[in-house]
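S.K.: Predicted model follows, preceded by the sequence.
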Amino acid sequence: MAEGRCGNDIKDLERAVSALRYLGRDNARLPMPWDGEAPYAGWGDTKPWMKPHSNAKAINVKSQERDEESVLSFWKKMLKLRKENADNFVFGEFAPMLVQDPALFVYQKEDREERALGVLNFTDKSKSLPSDVSALVGDRCKLLVSNYDFSKNSPGLLPWEGRVYVEGGKSSWL
């Protein structure tokens, strides 16, 4: 074992590893399976340090790459949208809103040309669109993206729904 900040102190090392398990992000993500046939979901013949998803035979890149409605296609669109609108989506000023409601995540991103409003429902129940959010959306904003197909004037958010509205600027739907 290489000597590091723990100075080979086993108890310090165990505390550090325990903290990493608790604070690290790896327990909340898995590698995207490439296919459902190959060993380790297409990540080669060597056992990876992170286990493949238990449903890798059904949910993988190969099964989704030609499906325009797949999760993979959705994320490809979102990454393209983020890249094309980096001035706002990456570098714009972030302002959280409605922080008192733990079921909703509402925020604004703004640069010199454009304002974006993100509205996300983090529950398995429908939620009313808060009146201050409805007022912000108004007629000036357009729905840029949603994980559901509907009109921007829908009065509520469906379970696990996310929307991004834009006002001004150069954003366009993909």
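M.R.: Yep, it's here.

S.K.: Now do the domain split for this structure, please.
M.R.: Domains of the chain are assigned by automatic domain parsing as 10-64, 85-168.

S.K.: In which helix or strand does the residue nearest to Val90 when sequence neighbours are not counted reside?
M.R.: Of all residues not flanking Val90 in the chain, Arg82 sits nearest, at 6.6 Å (CB to CB, 6 or more residues apart in numbering). No exception for glycine: its C-beta is placed from N, CA and C like everyone else's. Using DSSP states H and E, the element containing Arg82 is helix 71-84.

S.K.: Repeat that for Val106.
M.R.: Counting by DSSP H and E, Val106 is part of strand 104-110.

S.K.: pLDDT averaged over that strand - what is it?
M.R.: What strand 104-110 shows for mean pLDDT is 91.

S.K.: just stretch 76-87 next, same as before
M.R.: 90.

S.K.: same thing with stretch 23-38?
M.R.: 79.

S.K.: contacting residues around it?
M.R.: Here stretch 23-38 makes contact (CB atoms under 8 Å, 6 or more residues apart in numbering) with 21, 41-44, 48, 50-53, 56-63, 72.

S.K.: what's the weakest-modelled helix or strand in this structure?
M.R.: Here the helix or strand of the chain ranked lowest by mean pLDDT, DSSP states H and E is helix 131-137, holding a mean of 73.

S.K.: and that helix, what other elements does it pack with?
M.R.: Helix 131-137 is packed against strand 114-121, with contacts defined by 3 or more CB pairs under 8 Å, 6 or more residues apart in numbering; DSSP states H and E.

S.K.: Ramachandran angles for Val61?
M.R.: Per-residue torsions, Val61: phi -60, psi -50 (degrees, to the nearest 10).

S.K.: Before I go, just wanted to say thanks for your time.
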